[in-house]
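J.: only geometry, no sequence info:
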């Protein structure tokens with residue numbers, strides 16, 4: 001049987017490099033796929049056409065009012081959301097002395113406040129159903145000494161704390177919460193990494209190469225499924241060995 005047969009999954013940032021891979025894998029595993037996006041309606045419509053039965057909708061995860069309104073509409077159209085993947089993220093390649101306050105706010109609001117707001121809105125339905133799986137997307141930047149923007153590293157590190165705290169809070173409702181911590185990938189935010197930093201990472205990575213979005217998506221979908229029912233409150237590192 002398919003891993004996500006008869007389940008509805010919501011992926012934030014679903015039109016991005018990793019988000020679209022998660023949507024494709026979830027669809028292939030039998031899920032009804034819902035995804036949010038901030039910009040790029042053309043990409044959203046193209047992904048809907050590629051994945052029959054999927055549905056994309058705009059949502060600014062920085063706004064609590066917008067998040068709750070959007071998720072409320074989703075619940076009116078779909079009885080349950082069985083799986084939530086908090087994938088949407090933002091990064092700026094600026095050193096600390098050059099950061100403006102709005103740069104810091106952007107990273108915190110998208111990478112940390114956003115996942116918390118989306119979880120708050122979605123989990124109400126999971127609590128009523130007394131089941132659900134939440135997968136947060138972290139980053140190796142929050143767990144290893146790497147030359148990366150401090151705002152990205154600190155907000156991605158905080159995802160681990162959010163994951164363990166939410167798993168404890170939601171355990172009595174049968175809701176599991178885990179995070180996947182990718183290493184350097186071929187695309188997405190990794191495209192902005194200087195060549196010197198890229199080569200240094202690959203020198204220390206046992207796999208000797210960057211990962212792909214599909215490889216991360218495979219782990220996310222497995223964690224979301226009932227096959228991972230005994231995995232909870234974990235950071236699953238998928239980094240090629242570093």
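T.: Arrived safely. On a predicted model such as this, the values are computed, not experimentally measured, just so you know.
J.: When you work out contacts or count neighbours from here on, use the C-alpha atoms and nothing else.
T.: Noted.
J.: Give me the distance between residue 158 and residue 181.
T.: Going from residue 158 to residue 181 by C-alpha to C-alpha, to the nearest Å gives 12 Å.
J.: in the helix or strand bottoming out on mean pLDDT in the chain, what's buried?
T.: The weakest-scoring helix or strand in the chain, judged by mean pLDDT, DSSP states H and E, is helix 195-204 (a mean of 82). Across helix 195-204, burial judged by 16 or more other C-alpha atoms under 10 Å covers 198, 201-202.
J.: got JSON lines for the residues you listed, with distance to residue 31 too?
T.: Below are the buried residues of helix 195-204 laid out as JSON lines (distance: C-alpha to C-alpha, whole Å):
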{"residue": "198", "distance to residue 31": "35"}
{"residue": "201", "distance to residue 31": "35"}
{"residue": "202", "distance to residue 31": "35"}
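J.: from the residues you listed, which is closest to residue 139?
T.: Lowest distance from residue 139 to the buried residues of helix 195-204 (C-alpha to C-alpha) belongs to residue 201, with 13.9 Å.
J.: Grab the nearest non-local neighbour of the closest one.
T.: Take residue 201 and drop its neighbours on the chain: the residue closest to it by C-alpha to C-alpha, 6 or more residues apart in numbering is residue 184, 7.8 Å away.
J.: Report pLDDT for the one you found.
T.: Each residue has a pLDDT score; the one for residue 184 is 92.
J.: Would you check how far apart it and residue 200 are?
T.: 11 Å.
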